[in-house]
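Student: When you get a sec, could you give me coordinates for this:
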Amino acid sequence: MTPIQRELRDALADMPSRLVAAAGLRDETGIADVPGEWTAREVVLHLVAVEIDVWQPRLHALETEAFPSWPWVEPGPWTGPEGATFAGAIDVYRRQRGVTVARLDALDDAGWARRGLHATFGELDVAALMQIALDHDEEHLAQVRG
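Tutor: Numbers count the residues shown, from 1 in each chain. Got it, this is the predicted structure:
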C-alpha cells in the first residue's frame, strides 16, 4: 500500500469515530436542526446503506470482473433493527466500514490498480472509488456537524 493509499484507508477507517464526535455536538437522536434534513442517526443509517449497497459491491466487482460498470446509486437510510438508536446505527456502520477497510487491506498493488467505469465519474481505480466514498462521507459529516 502506498502512503497515499494508506492515508485514504485510514481516513475511511476513522469516519465512524468522527461521526460520533460530530454528533456529540448536537442532538444525535432527535429532530434535525433543519426541517427536512436527516438527524445524525438517519445520516449514519444512510452511510450504512451506502456501505452495504454501493462500496462493498463495487469493491467485490473489481475483484471478480474484468472491467465492471456502475450506475449512480443513492440509497436512503438502512432499515435494519439495529439502527433504532444512534449508538446502534454507529455500531452497524463501524462493522460495515470495517468490512470495507478489510477488503482494502487485502489488496496488493494489482488489486489497487483494478479499474471500473462509473456512469457519472468515468473510469476509476480503487483509490479513486474510495476517494469518492470519503468525499461522500465528508459531505454527510458536515451535515451532522450542522
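Student: Tell me where the model's unsure across the protein.
Tutor: 25-36 (pLDDT under 70).
Student: sec struct for residue 124, please.
Tutor: Under DSSP: H, G, I helix; E, B strand; the rest coil, residue 124 falls in the strand class.
Student: thought it was touching residue 116?
Tutor: Yes - if you go by Cβ atoms under 8 Å, residue 124 and residue 116 touch, sitting 6.0 Å apart. Bear in mind the C-beta positions are built from the backbone N, C-alpha and C, glycine included.
Student: What's the separation between the nearest residue to residue 119 once chain neighbours are set aside and residue 112?
Tutor: Leaving aside its chain neighbours, residue 119 sits nearest to residue 71 (4.9 Å; criterion: Cβ to Cβ, 6 or more residues apart in numbering). Counting by Cβ to Cβ, to the nearest Å, the gap from residue 71 to residue 112 is 23 Å.
Student: between these two, which one's more packed in?
Tutor: Between residue 71 and residue 112, counting by other Cβ atoms under 10 Å, residue 112 is the more crowded of the two (16 against 7).
Student: so what's the residue nearest to that one when sequence neighbours are not counted up against?
Tutor: Distances taken as Cβ to Cβ, 6+ apart place residue 126 nearest to residue 112, at 4.9 Å, with adjacent residues excluded. Residue 126 makes contact with 59, 62, 104, 107, 111-114, according to Cβ atoms under 8 Å, 6 or more residues apart in numbering.
Student: Quick check: which element contains residue 19?
Tutor: helix 3-23 (DSSP states H and E).
Student: tell me the angle of the next helix or strand after that helix relative to helix 3-23?
Tutor: Note on helix 3-23: by DSSP H and E, the next helix or strand toward the C-terminus is helix 40-50. For helix 40-50 against helix 3-23, the angle between stretch directions is 150 degrees (axes from the mean of the first three to the mean of the last three Cα atoms, to 10 degrees).
Student: Show me what helix 40-50 packs onto, helices and strands only.
Tutor: helix 3-23, helix 86-105, helix 126-145 (3 or more Cβ pairs under 8 Å, 6 or more residues apart in numbering; DSSP states H and E).
Student: Thank you kindly, that will do.
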